[in-house]
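Participant: 3D, please:
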Amino acid sequence: MFGGFLVKAIIFYIVGGFILYIVIETAVRRGINHSNIGQFLEKKYGVKEGKKSFLDDDLDNENKEDY
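Facilitator: Here you go, the predicted structure:
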(Lines give C-alpha, C1' and ligand atoms only; values in the text may rest on other atoms or scores of the structure.)
Protein backbone atom coordinates (compact mmCIF):
# COMPACT_ATOMS: atom_id res chain seq x y z
CA MET A 1 0.00 0.00 0.00
CA PHE A 2 2.69 2.51 0.96
CA GLY A 3 5.35 1.06 -1.35
CA GLY A 4 4.21 3.01 -4.41
CA PHE A 5 3.93 6.20 -2.41
CA LEU A 6 7.43 5.76 -0.98
CA VAL A 7 8.97 5.19 -4.41
CA LYS A 8 7.23 8.28 -5.80
CA ALA A 9 8.35 10.36 -2.84
CA ILE A 10 11.97 9.25 -3.23
CA ILE A 11 11.94 10.00 -6.97
CA PHE A 12 10.32 13.39 -6.29
CA TYR A 13 13.03 14.32 -3.77
CA ILE A 14 15.86 13.19 -6.06
CA VAL A 15 14.53 15.15 -9.05
CA GLY A 16 13.78 18.17 -6.88
CA GLY A 17 17.25 18.07 -5.33
CA PHE A 18 18.89 17.86 -8.75
CA ILE A 19 16.90 20.85 -10.03
CA LEU A 20 17.78 22.79 -6.89
CA TYR A 21 21.47 21.92 -7.37
CA ILE A 22 21.42 23.24 -10.95
CA VAL A 23 19.70 26.49 -9.92
CA ILE A 24 22.10 27.16 -7.03
CA GLU A 25 25.20 26.27 -9.06
CA THR A 26 24.16 28.58 -11.90
CA ALA A 27 23.33 31.44 -9.53
CA VAL A 28 26.66 31.13 -7.71
CA ARG A 29 28.65 30.94 -10.94
CA ARG A 30 26.92 33.98 -12.43
CA GLY A 31 27.17 35.88 -9.16
CA ILE A 32 30.91 35.31 -8.90
CA ASN A 33 31.53 36.11 -12.56
CA HIS A 34 29.62 39.40 -12.36
CA SER A 35 31.05 40.58 -9.04
CA ASN A 36 33.90 43.06 -8.81
CA ILE A 37 36.24 40.46 -7.37
CA GLY A 38 35.30 37.97 -10.09
CA GLN A 39 35.99 40.52 -12.81
CA PHE A 40 39.31 41.45 -11.19
CA LEU A 41 40.38 37.80 -11.06
CA GLU A 42 39.33 37.33 -14.68
CA LYS A 43 41.51 40.25 -15.76
CA LYS A 44 44.46 39.15 -13.64
CA TYR A 45 44.46 35.39 -14.32
CA GLY A 46 42.28 35.07 -17.40
CA VAL A 47 39.37 32.74 -17.90
CA LYS A 48 39.79 28.98 -17.95
CA GLU A 49 37.44 27.71 -20.64
CA GLY A 50 38.90 24.20 -20.67
CA LYS A 51 36.63 22.80 -17.96
CA LYS A 52 33.25 21.93 -19.40
CA SER A 53 30.17 20.93 -17.48
CA PHE A 54 27.62 18.44 -18.69
CA LEU A 55 25.14 21.32 -18.48
CA ASP A 56 26.98 23.08 -21.33
CA ASP A 57 25.69 20.45 -23.77
CA ASP A 58 21.99 20.99 -23.14
CA LEU A 59 19.62 22.26 -25.82
CA ASP A 60 19.40 25.78 -24.38
CA ASN A 61 23.10 26.37 -25.04
CA GLU A 62 23.05 24.90 -28.53
CA ASN A 63 22.83 28.17 -30.49
CA LYS A 64 24.72 30.55 -28.19
CA GLU A 65 27.62 30.75 -30.66
CA ASP A 66 25.30 32.46 -33.14
CA TYR A 67 24.96 35.62 -31.05
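
Participant: What residues sit buried inside stretch 38-46?
Facilitator: Within stretch 38-46, no residue is scored as buried using 16 or more other C-beta atoms under 10 Å. Bear in mind the C-beta positions are built from the backbone N, C-alpha and C, glycine included.

Participant: Give the rounded mean pLDDT of it.
Facilitator: For stretch 38-46, mean pLDDT rounds to 83.

Participant: Can you list the neighbours in contact with it?
Facilitator: Stretch 38-46 is contacted by residues I32, N33 when judged by C-beta atoms under 8 Å, 6 or more residues apart in numbering.

Participant: burial count for G31?
Facilitator: Counted with other C-beta atoms under 10 Å, residues neighbouring G31 total 10.

Participant: That one is in what secondary structure piece?
Facilitator: helix 3-34 (DSSP states H and E).

Participant: right, and the helix or strand after that helix?
Facilitator: Counting by DSSP H and E, the element that comes right after helix 3-34 along the chain is helix 36-45.

Participant: That next one to helix 3-34, inter-axis angle?
Facilitator: Calculated by axes from the mean of the first three to the mean of the last three C-alpha atoms, to 10 degrees, helix 36-45 forms an angle of 60 degrees with helix 3-34.

Participant: for this protein, which spans come out with low pLDDT?
Facilitator: 1-2, 48-67 (pLDDT under 70).

Participant: hmm, try it at 90
Facilitator: Where the chain drops to pLDDT under 90, the residues are 1-6, 28-67.

Participant: how about S35, what does it touch?
Facilitator: By C-beta under 8 Å, 6+ apart, the contact set of S35 is empty.
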